[in-house]
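Undergrad: sequence first, then the predicted structure, then my questions.
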Amino acid sequence: MPAFASTAPAHAIGLAEAYNSQTDVDFRQGLQIRLAWTGDYEGEFDGIIGPRSLRAIRDFQARHGMEPSGIISDDMLAQLVSKSDSIQDSLGIAFADDALTGARMLIPFNRVVDSGKTDVGNLWRSEDGRLEVETVRVADTGQTLKGLYDVLTTETDTRSVSDSEFTPNWFRVSGNDGGRSYLMRFEVGDRSEFDLRGFSVSFDPAIEEEVEPFLYVASELFEPFALEPRQPLLASREDRPFSAMMERRRGSEERDGRYALAYADPSQPNMFAMPPADGDMSTSERDADDVAFDMAGSGFAVSKDGWVLTNAHVVNACNAVLVSGHGRVIDRVVDSENDLALVKVEGRFEEPLRIAVDKPRLGEDILALGFPLRSILADSLNVTRGNISSLLGLMNDPRYMQISAPVQPGNSGGPLVDLAGRVVGVVTAKLNAVAVADATGDIPQSINFAIQPNAVSTFLDANDVDYQTADADASFQSVPDAVAGVKDSILPVLCLDE
């Protein structure tokens, strides 16, 4: 049995009762929060003083040369305020309201800068890349809290899970991915089981000691449903305007109640009041009509001389485009009508993917490959399996086909391959579940779309791309073998607003 669950001594029970009955709840919450900033407390910020809180008080006292009595003195309060303020000030801690996802969370503004919109939320990144914080909303995709938890706790060759906790309303997962440590927390809303909001923090393990208090406090104070989001984040072909990030400064008049940590005696000074922030830590505001924002999609090599195929909606609003591992693109061709784009990088690809000559058959097994929910599902390639469920798109559009393979934001532009490794389509869109539900009263499941291979080859031919066609008689392989043959030619495509 954990120590905190054991029977507490009588004097400890009396001390806890004294705190709970004779001090204000805001004071007790503030005590817990500040002890968490100093690394002494791990528990809920519920304002209830129990064995965990008493042990944290004693640990703080012992570490700072005081008698570990559990009795709070003026000297202890002064040191606790000073130490916790110092940690917060060094990180530049302030609340940020993300109008895009509807979440409110703490951001260490002295360590990261607002890098703008991603395909699932907003990203803050340090200049050296050692720390990234991202808000995330996964809405109306059919994904449930338990389903997302199962995905994020599945270990891969590069991702390990060191700790996880699941409840009916939220979960938390931490571990290591590709040499970087991470923490993720997601919660589900009361109004829909398909509205999931959370955040992801990814960091270099070398700075773990510095960011560890932030990770815990940010997780406990995270408010995923603080405000209504501007619009649902769906894997749609439509460009969406950037929603400005409005920072809540610690020195503002509208303080969070959990930081109004006054003594029970109103005549006493409020030693736990949040100090005013120095300088302006406000995030940049962008025009709501400006659609040139940071986002991510997928693409794949189609020629040895550096051409990568993706979706037009991934790159057509970008001021600059990066292909992961190959740098900035040096040329691009966009066909918005058919949602196809070519981007060219310097260098060569040894094994570009081969394009199928014929359409796939109805019911054929296919694999959708790409980089969905980038930075919460890591930077490793994601593979989902499904079938060709229709050879026509919406309104019987012959340029598209319907697939049952699950896709998420960031899959756009990734290849659809059969079990012989042939490209039989390009993932392009997810049916807008909200619009269909409004029209029919039913929420569609696993209805996604890909561009037909003949539309792909027509586009490549029109732009004189030296691509290779696939062998129509190639034999089918196992899923792992099929993936192994194509994975190195599939790449993240990043859209930058700069």
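TA: Yep, it's here. Numbering: from 1, shown residues only.
Undergrad: can you tell me how far Leu392 sits from Thr428?
TA: 14 Å (Cβ to Cβ, to the nearest Å). Quick note: C-beta positions are derived from backbone N, CA and C, even for glycine.
Undergrad: with just CA atoms, put the longest helix anywhere in the chain into CSV.
TA: Ranked by residue count, the top helix of the chain under DSSP state H comes out as helix 74-91. Extracted in CSV, the C-alpha atoms of helix 74-91 (Å, rounded to 0.1, in the frame of the first residue of the first chain):
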residue,chain,number,x,y,z
ASP,A,74,6.3,33.0,8.4
ASP,A,75,9.9,32.0,7.5
MET,A,76,8.7,28.9,5.6
LEU,A,77,6.0,30.9,3.7
ALA,A,78,8.5,33.6,2.7
GLN,A,79,11.0,30.9,1.4
LEU,A,80,8.2,29.0,-0.4
VAL,A,81,7.0,32.1,-2.1
SER,A,82,10.5,33.1,-3.0
LYS,A,83,11.6,29.7,-4.4
SER,A,84,8.4,29.0,-6.3
ASP,A,85,8.3,32.5,-7.8
SER,A,86,11.9,32.2,-8.8
ILE,A,87,11.1,29.0,-10.7
GLN,A,88,8.1,30.5,-12.4
ASP,A,89,9.8,33.7,-13.3
SER,A,90,12.8,31.9,-14.8
LEU,A,91,10.4,30.0,-17.1
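Undergrad: what's downstream of that helix, the next helix or strand?
TA: strand 93-98 (DSSP states H and E).
Undergrad: by contact count, what packs against that following strand?
TA: In terms of contacts (3 or more Cβ pairs under 8 Å, 6 or more residues apart in numbering; DSSP states H and E), strand 93-98 is packed against strand 103-108, strand 245-248.
Undergrad: who touches the one helix or strand Gly147 maps to?
TA: Per DSSP H and E, Gly147 falls inside helix 145-152. Identification of contacts with helix 145-152 by Cβ atoms under 8 Å, 6 or more residues apart in numbering yields 138, 161, 164, 166, 168-171, 173, 184, 186-188, 193, 196, 376-377.
Undergrad: low-scoring pLDDT stretches of this protein, where are they?
TA: By pLDDT under 70, the low-scoring segments of the chain are 1-13, 230-295, 373-380, 409, 429-446, 497-498.
Undergrad: follow-up on the earlier one: report the buried members of the contacts of helix 145-152.
TA: Neighbour counting by 16 or more other Cβ atoms under 10 Å classes Val138, Val161, Trp170, Phe171, Val173, Met184, Phe186, Glu187, Val188, Leu196, Ile376, Leu377 among the contacts of helix 145-152 as buried.
Undergrad: tell me if the fourth one really is in a strand.
TA: It stands for Phe171. Yes: note on Phe171: a strand contains this position according to DSSP: H, G, I helix; E, B strand; the rest coil.
Undergrad: partner residues bridging it?
TA: Phe166, Phe186 (DSSP bridges).
Undergrad: my guess is it meets Asp163, correct?
TA: No: counting by Cβ atoms under 8 Å, Phe171 stays clear of Asp163, with 11.1 Å between them.
Undergrad: count the neighbours of Asp163 for me.
TA: Neighbourhood size, Asp163 [other Cβ atoms under 10 Å]: 9.
Undergrad: list the contacts of it.
TA: Arg172, Val173, Ser174, Gly175.
Undergrad: burial count for the residue lying closest to Val407 once chain neighbours are set aside?
TA: Counting by Cβ to Cβ, 6 or more residues apart in numbering, Asn448 is the residue found nearest to Val407 once chain neighbours are left out, at 4.7 Å. For Asn448, the tally of surrounding residues (other Cβ under 10 Å) stands at 26.
Undergrad: how close does Asn448 get to Ser298?
TA: For Asn448 relative to Ser298 (Cβ to Cβ), the value is 14 Å.
Undergrad: spatially, what comes nearest to Arg361 if we skip its sequence neighbours?
TA: Nearest one to Arg361, counting by Cβ to Cβ, 6+ apart, is Ile388 at 6.8 Å.
Undergrad: equivalent analysis for Met401, please.
TA: Per Cβ to Cβ, 6+ apart, closest to Met401 is Leu391, 5.2 Å.
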